[in-house]
Structure formats: structure tokens, C-alpha cells
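1. fold the stuff below for me.
(one chain, ligands or ions: 1)
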Amino acid sequence: MPPVSYLDWNAGAPMRSRARAALLAALERAGNPSSVHGPGREARRLVEDARAAVGALVGAPARSVVFTSGGTEANALALCGLALPVAVSAVEHASVLDARDDAIRLPVDGDGIVSLPALAALLAGRGPMLVSVMAANNETGVVQPLRDVADLVHAHGGLLHCDAVQAAGRIPLDMRALGIDLLSLSAHKIGGPQGAGALVLADQGGLRAMLRGGGQEGGLRAGTENVAGISAFGAAAREAGAEAAGFAALAALRDGLVGACRAAAPETVAIAARAPRIANTACLSLPGAEAATIVMAMDLAGFAISAGAACSSGKVRPSHVLAAMGLAPEIRSGAVRVSLGPAISLDEAGRFAGEWGRIAARVRDARAAA
Ligand code: PLP
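-> Model (predicted):
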């Protein structure tokens with residue numbers, strides 16, 4: 001069997017060697033960043049260096065970064081920490097959709113782009129709101145018109161939260177230029193470790209901590225900092241920021257792979273292929289097939305991909321993203337996500353397409369026999 005081709009970078013990027021080195025170096029040290037002695041001050045230095053690097057990734061000063069246990073916690077802190085009514089786009093990650101029971105859902109168009117007229121109509125009838133719209137979708141890669149959203153939200157006195165977990169290091173992200181008030185990041189999507197993330201705040205006023213008591217992170221997230229994870233997050237952020245401009249080049253490989261899949265199986269549907277997207281992500285469907293079957297067949301052939309949203313239970317859930325986009329049930333059922341990293345080779349892409357064609361032929365045969 002060939003070595004596994006890892007084409008699931010949106011679920012988690014492999015750890016960068018500098019991040020691993022930073023993680024291990026920090027684990028070798030004693031010291032709580034809240035302690036005033038030398039080892040404590042050294043731990044504090046690691047956390048503050050990382051804070052500057054993570055802020056720089058999104059054009060924000062170090063003081064605006066609140067470290068969390070990951071993207072999920074950053075999203076929860078943003079949505080639950082402000083005393084404002086909330087609206088979220090219908091294609092958000094589950095950690096945003098489920099953060100508040102009272103959140104209003106904003107519809108999206110056929111490409112999964114949030115409806116600006118629907119947002120304008122909602123805001124017109126209300127006072128200030130917290131609106132949460134992601135930068136790039138984890139299933140389709142589709143990028144949202146954040147500046148337009150921010151202008152609408154601000155015109156009504158509200159705040160914009162952006163889950164930038166999938167966009168960081170992949171497209172330029174300048175919080176201030178985009179008008180984002182609160183922005184969520186996750187270390188493991190940019191080559192850092194799992195279990196570290198951040199909420200970046202344009203203004204700390206009004207946000208209330210969920211975890212209280214210790215006073216860490218400017219009183220916004222109590223608990224001893226995950227020094228090793230944060231230090232590695234900083235190392236990953238430094239590298240990801242430096243590479244962000246080159247990431248766009250992956251689009252040619254992605255589009256080549258999709259073209260080869262379509263040649264091997266003309267019934268292939270490339271979802272949101274004409275929408276603005278991050279360069280590494282393709283959402284492909286074999287109509288009428290079962291995504292779980294495609295994922296398993298690809299796994300046996302040495303390719304790691306996902307069915308829609310990767311679910312913690314390992315089961316495939318119907319995709320709320322593709323449903324919100326109004327795609328037909330048979331397209332949704334056969335949709336998988338292929339998310340590339342910079343190391344993908346042309347040879348891998350060709351082998352993937354060959355396997356895709358064989359799976360499609362089996363689906364066709366099974367349907368003909370049914
Ligand atoms: N937001 C998006 C868009 C994601 O893709 C993910 C993870 O898949 C998360 C949030 C959650 O991040 P974490 O795994 O760090 O909790």
C-alpha cells in the first residue's frame with residue numbers, strides 16, 4: 001500500500017517543525033507565567049512572544065490577543081461574552097451555530113455566501129447586534145465578503161465576530177482593514193498543536209469572561225496558560241504569516257485535481273467552484289453516492305479526506321452547510337471535502353483522480369443493478 005496522502009488539512013494541518021521544537025522546548029521548562037521568579041518570568045516571555053506573533057498574523061497588536069483552548073472556545077467566548085442579540089450565518093461551524101440558542105440564522109446563496117439584503121433587513125428592524133460571519137468555510141472553502149458585512153453591522157451600531165480558523169495563513173487577514181471586531185483562531189489549523197487558540201479583540205470593552213477567577217489573559221480567560229501549546233502556536237503563526245502570500249499558488253494544483261476527477265467521472269459536481277475560495281479546498285460530489293463510502297474507499301487507497309464536516313463521533317452527519325446552500329439531497333449525500341497542503345504532488349493528484357474514477361464507476365454499476 002502506498003504511504004497515506006494526507007488531504008485533510010482543514011481538519012488539522014500537520015505540526016510544523018518549528019512549532020514542535022517550540023512545544024518541546026517549553027515542556028522542558030518549569031514555571032508558571034503568573035509567578036514572579038525567574039522561571040515564571042521565562043514562561044511569561046514565551047507567552048508574550050507568542051501573543052505578538054499571533055496578533056501579527058491578523059494585523060493586531062499583542063495586547064488584543066486572548067489565548068483560549070482552541071477555536072471552539074474562542075467562538076464561545078465571543079458569542080456568549082457580549083450582552084448583545086446575535087445573528088450567525090447559516091454556514092458557520094457548529095461551535096458558532098450552537099453557541100447561543102437564541103441566535104438568528106442568516107440565509108446564504110447557492111455558493112454559501114451570506115445574504116447582504118437579508119442582513120440589512122434584519123439589522124434595520126433592531127438595535128445593535130453581534131453578527132458572526134466566518135472568513136472561509138471549512139467544508140467548501142468559500143470566502144465571505146467581510147468588509148461589506150462589517151459596514152452593514154457597524155452602520156447599525158453592532159459588532160462583527162469572524163471565525164477565521166480556516167482562513168488564517170491562507171488569505172491575507174487584516175482585522176482592522178476588514179472591520180472585524182472579534183476574530184477566532186485555532187493553532188492546529190496552521191501547523192500548531194491541538195488545544196490552543198485565540199480570540200483577538202479590536203476593543204476589550206464589554207466582553208465578559210466565561211472562565212473566571214484567576215485573572216489571567218487580562219481577566220478574560222482564567223486558568224494557567226498552556227505555555228507549551230501557546231509557544232508552539234506563536235511559532236506556527238510566525239511561519240504561516242510568512243507563507244500566506246504563497247498559499248494562493250495551491251489553487252492551480254487543486255483545480256488540476258478537480259479537473260482530473262471530472263475527466264475520470266463526468267458526473268462529478270464541484271461545489272461552489274466559481275465562488276471565491278481559499279486555495280486548498282475542494283468540495284466534490286458523486287451524486288447519489290454515500291460520502292462515508294467514498295471516504296472509506298479513499299482511505300483504503302491511501303488518501304485521507306473528509307465527508308463534509310468532520311464529526312467528533314467519527315460518524316458522518318448531513319452537512320448543514322450544503323443544505324443551507326440549497327443543494328439537492330443526492331448531491332449532498334455524495335459530497336466529500338478534499339483539503340490540500342503545500343506538499344501535494346502532481347503524481348498524488350493523478351492517483352487520486354484515478355481512484356475517484358474507479359469509485360464513480362462502482363457507484364454507477366450499483367445504481368444500474370438496483
Ligand atoms: N471553526 C472552524 C471554521 C473550524 O473548521 C473549526 C475546526 O474544525 C473550529 C472552528 C474549531 O476549532 P478547534 O478545533 O480549535 O476547537
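2. need the helices for the protein, in chain order.
-> 17-27, 38-57, 71-80, 94-97, 116-124, 146-155, 175-178, 227-247, 250-264, 291-300, 320-324, 329-333, 346-369 (DSSP state H).
3. what angle separates the longest one from helix 250-264?
-> Pointing back at helix 346-369 there. For helix 346-369 against helix 250-264, the angle by axes from the mean of the first three to the mean of the last three CA atoms, to 10 degrees is 30 degrees.
4. out of the helices of the chain, nearest to His161?
-> Smallest distance to His161 across the helices of the chain (CB to CB): 4.5 Å, for helix 71-80. No exception for glycine: its C-beta is placed from N, CA and C like everyone else's.
5. looking just at contacts, which helices and strands does the closest one meet?
-> Helices and strands touching helix 71-80, as assessed by 3 or more CB pairs under 8 Å, 6 or more residues apart in numbering; DSSP states H and E, comprise strand 65-68, helix 94-97, strand 130-132, strand 159-163, strand 182-186, strand 197-201.
6. indicate which one of the helices of the chain is closest to Leu7.
-> helix 346-369 (7.2 Å).
7. sorry, back to before: out of the helices of the chain, flag the one nearest the ligand.
-> Nearest of the helices of the chain to the ligand, taken as CB to the nearest ligand atom: helix 71-80 at 2.6 Å.
8. next, the buried residues of the closest one.
-> 71-79 (16 or more other CB atoms under 10 Å).
9. for stretch 151-162, same thing?
-> For stretch 151-162, the neighbour count (16+ other CB under 10 Å) marks 152-153, 156, 158-162 as buried.
10. neighbouring contacts of it?
-> With contact meaning CB atoms under 8 Å, 6 or more residues apart in numbering, stretch 151-162 is reached by 75, 78-79, 82, 84, 116, 119-120, 123-124, 126-135, 146, 149-150, 178-184.
11. just for the chain, where's the confidence low?
-> By pLDDT under 70, the low-scoring segments of the chain are 1-3, 308-316.
12. show me which residues of it are close to the ligand?
-> Residues of the chain lying near the ligand by CB under 6 Å from any ligand atom: 70-72, 75, 93, 95, 134, 138, 163, 165-166, 186, 188, 197.
13. quick check: closest non-adjacent residue to the residue nearest in space to the middle of the chain.
-> By CA atoms, centre = their mean, the chain has its centre lying nearest to Gln166, at 2.7 Å. Spatial nearest neighbour of Gln166, excluding adjacent residues (CB to CB, 6 or more residues apart in numbering): Ala136 at 4.4 Å.
14. beta-bridge partners for the one you found, please?
-> Val143 (DSSP bridges).
15. contacting residues for it?
-> 142-144, 164, 166-167, 170-171, 277-278, 281 are the contacts of Ala136 under CB under 8 Å, 6+ apart.
16. redo that, cut-off 6 Å
-> For Ala136, the contacting residues are 143, 166-167, 278, by CB atoms under 6 Å, 6 or more residues apart in numbering.
17. hang on, the earlier thing: which one of the helices of the chain lies nearest to Ala270?
-> It is, among those and with distance given as CB to CB, helix 250-264, at 5.1 Å.
18. which residues sit against that closest one?
-> Residues outside helix 250-264 that contact it (CB under 6 Å, 6+ apart): 268, 270, 279-280, 282, 340, 344, 349, 353, 356-357.
19. now the two most distant members of the residues you listed.
-> Ala279 and Gly357 (24.1 Å).
20. can you list the domains in the chain?
-> For the chain, automatic domain parsing gives the domain ranges 5-13+247-369, 17-244.
21. can you get me a residue count around Leu327?
-> 22 (other CB atoms under 10 Å).
22. Gly350 now?
-> Residues contacting Gly350 under the criterion other CB under 10 Å number 14.
23. look up the closest residue to it, ignoring the ones flanking it.
-> Ala260 (6.3 Å).
24. for that neighbour, the count of nearby residues, please.
-> Neighbours of Ala260 under the rule other CB under 10 Å: 20.
25. from Ile271, how far out is it?
-> Ala260 is 17 Å from Ile271, where distance means CB to CB, to the nearest Å.
26. can you verify my assumption that Gly234 contacts Ala53?
-> Yes. Gly234 lies in contact with Ala53 (CB atoms under 6 Å); the separation is 4.0 Å.
27. and the two? which has more neighbours close in?
-> The neighbour count for Gly234 versus Ala53, taken as other CB under 10 Å, is higher for Gly234 (30 against 22).
28. gap between the closest residue to the more buried one other than its chain neighbours and Ser35?
-> With sequence-adjacent residues excluded and distances taken as CB to CB, 6+ apart, Gly234 is closest to Ala50, at 2.7 Å. Ala50 sits 18 Å away from Ser35, taking CB to CB as the criterion.
29. so for these two, which sits in the more crowded spot?
-> When Ala50 and Ser35 are compared for neighbours, Ala50 comes out ahead with 31 against 15, by other CB under 10 Å.
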